[in-house]
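> Next comes the sequence, and after it the predicted model I'd like to discuss.
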Amino acid sequence: MRSRLERVDVTCSGCGYEDEAGCWESVTDGSHIRYRRVCPCCGRSHDVTYRL
């Protein structure tokens, strides 16, 4: 899933910056997995959560 996000979701919804080299971090609690990316331009956090 992370590789899909890194290919598809590269534009910041806050400032429009295209972060082609950005990296999504992930954390799980066993029932959910949360992916997070922080825009290097404006610092806005983009979170995507999936239920397992």
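Happy to help now that I have it.
> which residues of the protein fall in strands?
For the chain, the strands defined by DSSP state E cover 25-28, 32-38, 45-51.
> How far away from the center of its chain is the first one?
Just to be clear, that refers to strand 25-28. The chain centre lies 10 Å from the centre of strand 25-28; the measure is CA atoms, centre = their mean, to the nearest Å.
> Same check on stretch 43-52?
Relative to the chain's own centre, stretch 43-52 is displaced by 6 Å; criterion: CA atoms, centre = their mean.
> Tell me which residues of that stretch come out buried.
Under the neighbour-count criterion of 16 or more other CB atoms under 10 Å, stretch 43-52 has H46 buried. Placement of C-beta: from N, CA and C, glycine included.
> Tell me which of the strands of the chain sits nearest to E6.
strand 32-38 (8.7 Å; CB to CB).
> what's the closest one packed up against?
Helices and strands touching strand 32-38, by 3 or more CB pairs under 8 Å, 6 or more residues apart in numbering; DSSP states H and E, are helix 2-8, strand 25-28, strand 45-51.
> can you redo the ones you listed as TSV with distance to G14 and mean pLDDT?
Shown next, in TSV, are the helices and strands packed on strand 32-38 (distance: least, CB to CB, whole Å; pLDDT from 0 to 100):
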stretch	distance to G14	mean pLDDT
helix 2-8	17	74
strand 25-28	18	94
strand 45-51	8	93
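> just to revisit the earlier point, in a markdown table, list the strands of the chain along with distance to L5.
Output for the strands of the chain, formatted as a markdown table (distance: least, CB to CB, whole Å):
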| stretch | distance to L5 |
| --- | --- |
| strand 25-28 | 9 |
| strand 32-38 | 6 |
| strand 45-51 | 7 |
